[in-house]
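Colleague: Only the shape, not the letters, is given here:
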C-alpha cells in the first residue's frame, strides 16, 4: 500500500507542473491589460512601463514562468494587483471556508444517498423505490444555482428561518456557522445525493444476486448482516470512484453557490479576480482549485485500493 501511494504521489508532479504552466500561459494570452485597468484614468505609458517592470511583465514568458514557479515553491504566490495583498494569504483565509462547504455537501449527500440506495435495492419496484428514484431524478435535473436561489428565497427571505447571507467561522459560533452553511450545503449536495443514490441502488441490485450473498442467506444469516456486512461493502467500491468525480462538480458548483449566499470562499475570490482581470489572483485561484481536485482524486485512488486489494496487486505487477 505504501509503494502504491508513493507511486501515485510521484505521478502527480508532472501533472502539477503541466497545469501550472497552462494556467500561467492562459492568463497572459487572454484579452485585456491589468496594468491599464489598474491605472484607469491615470494611465500613462511611462507609469505603465514602470509597473510592468515591477511585476516582471516585461520579461519573456518562459522567464516569467520560471521566476513565478520558483516563488510559488517558496510560498510566494504574488500580490494582487488591485488590493496589494499576498495572494497566498487570501487563499489560506478562504480555503477552509470552501473546504467546509464541500465537505458538508458531500457528507449530507452520503448520509442520505447510501441508506436511500440500499433501501431501494432491497425493496425494488415498490412505492418506496419509485419515490426515491423520482426524487433522485429531480435532484439530477435541477442545477445547483437554481436550487440555491429557491432555498434562499423560501427559507431566508420568505420564512426568515435562516440567515440571508454571509458566513460565521466555526471558532466564533458552531451554531451560527451551521445556520449559515446548511442551505448552501443542501443546494450543493442534492444533485450529488441523487447521483450516488442511483449508483448505490444499481450496485446493490447486482451484488445481492451474487453467490456468496445467496449462500449467506441460505446459512440463516440475519438479513441486516447480509446487507450491511456482505453486500454493502462490495457495492460501495464503484461508488468511491463516482464520489471522487463528484468532488470536481462540487468544486465547480461551490463557486456559484458561494456567490448566491455571499460566502467569502475561494469562489468569490476567483470571481473577483476574473472581474478585475487581476491575473495574479486568478492564477492562484485556478491553481489551488486544480490542486484540490488532483489530491481529492489521489485520496479516491487510495481509498479504492484499500477497499479493493486487486488494484494494488495489478499496479505492483506492472
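Modeller: Done, it's in. No experiment lies behind these values; they were computed from the predicted model shown.
Colleague: right, and residue 246 touches residue 102 too?
Modeller: No. In this structure, residue 246 is not within contact of residue 102 by CB atoms under 8 Å, at 10.0 Å. In short, each C-beta sits where N, CA and C put it, glycine included.
Colleague: which of those two has more neighbours?
Modeller: Between residue 246 and residue 102, counted using other CB atoms under 10 Å, the more crowded position is residue 246 (25 against 22).
Colleague: The residue lying closest to residue 102 once chain neighbours are set aside sits in which helix or strand?
Modeller: Computed as CB to CB, 6 or more residues apart in numbering, the closest residue to residue 102 that is not its neighbour in sequence is residue 250, at 4.9 Å. Using DSSP states H and E, residue 250 falls within helix 232-261.
Colleague: For the helix or strand immediately after that helix in the chain, buried residues please.
Modeller: On the C-terminal side of helix 232-261, the closest following helix or strand by DSSP H and E is helix 266-276. Residues of helix 266-276 classed as buried by neighbour count (16 or more other CB atoms under 10 Å): 266-273, 276.
Colleague: Residue 288: which of those is nearest?
Modeller: Closest approach to residue 288 among the buried residues of helix 266-276 (CB to CB): residue 266, at 6.7 Å.
Colleague: Go ahead and confirm the closest one touches residue 96.
Modeller: No. Assessed by CB under 8 Å, residue 266 is found out of contact with residue 96, at 9.9 Å.
Colleague: What mean pLDDT does stretch 101-113 get?
Modeller: Across stretch 101-113, the average pLDDT comes to 90.
Colleague: my bad, should have said stretch 174-187
Modeller: Per-residue scores along stretch 174-187 average to 90.
Colleague: Output the contacting helices and strands for the host helix or strand of residue 109.
Modeller: Element membership for residue 109, per DSSP H and E: helix 87-122. Contact here means 3 or more CB pairs under 8 Å, 6 or more residues apart in numbering; DSSP states H and E; on that basis helix 87-122 packs against helix 127-141, helix 174-207, helix 232-261, helix 266-276, helix 279-307.
Colleague: And the contacts of the fourth one?
Modeller: Contacts of helix 266-276 from elsewhere in the structure, counted by CB atoms under 8 Å, 6 or more residues apart in numbering, are 34, 37, 80-82, 90-91, 94-95, 97-98, 254-259, 262, 278-282, 284-286, 288-289.
Colleague: That helix versus helix 87-122: what angle between them?
Modeller: Interaxial angle, helix 266-276 versus helix 87-122 (axes from the mean of the first three to the mean of the last three CA atoms, to 10 degrees): 130 degrees.
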